[in-house]
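# Have a look at this fold, sequence not included:
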């Protein structure tokens, strides 16, 4: 297994997952809910930042590896799935939204794997709409984890819920986009 700074950052992102989830299982007398929310949001923000940095550094330092290309999206999907399940458990997002987002991630990951086996991985490269979906989703998760006021009278819960709905719509839109791009190959594979 290769090891370099970008891969180290990806592993750090994976290690942060049980930290931001586990904090909610501490007894209330050890840490009040407001502190749990703040700590979880900070862990998630740090993980999201490492996601950007590991890709940037891999390209800037010419340290891209096939293992890093495999591990990075796995870390992203684990982080998002854990956060969504946690938010459903906390009553801060709807279960159907989590199912749509996690289901799309599994579907598109499988599609990308299949397309890579056909030598057509560039056909399902990340699109602009996929990037928009990711941005809305990550900001929504961060705001819903924090669940407190940004400025007086404006709760992150309201903004987070709105962004999560937008992320769900963009999730479906991007999945349809990727499936439409791959449809000719899918149809050809049936014959």
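Perfect, thanks for sending it. Keep in mind it's a predicted model, so treat the numbers as computed, not measured. Numbers count the residues shown, from 1 in each chain.
# buried stuff in the one helix or strand residue 172 maps to?
Counting by DSSP states H and E, the element that carries residue 172 is helix 156-190. Buried residues in helix 156-190, counted by 16 or more other Cβ atoms under 10 Å: 156-157, 160-161, 163-164, 166-168, 170-171, 173-175, 177-178, 181-182. In this view, the C-beta of every residue, glycine as well, is placed from N, C-alpha and C.
# what's next to the lowest-mean-pLDDT helix or strand in the chain, contact-wise?
Taking mean pLDDT, DSSP states H and E as the measure, the chain has strand 149-151 as its least confident helix or strand, at a mean of 77. For strand 149-151, the surrounding residues in contact (Cβ atoms under 8 Å, 6 or more residues apart in numbering) are 155, 156, 159.
# run the last query once more with 7 Å
For strand 149-151, the surrounding residues in contact (Cβ atoms under 7 Å, 6 or more residues apart in numbering) are 155, 156.
# try stretch 161-172
By Cβ under 7 Å, 6+ apart, the list of residues contacting stretch 161-172 from outside reads 93, 97, 100-101, 104, 129, 132-133, 136-137, 139-140, 143-144.
# thinking again about what came up before, so for the helix holding residue 172, mean pLDDT?
Computed over helix 156-190, the mean pLDDT rounds to 86.
# Relative to residue 171, how far out is the residue nearest to the spatial centre of the chain?
In the chain, the centroid-proximal residue (Cα atoms, centre = their mean) is residue 80; its distance is 3.7 Å. Distance of residue 80 to residue 171, given as Cβ to Cβ, to the nearest Å: 11 Å.
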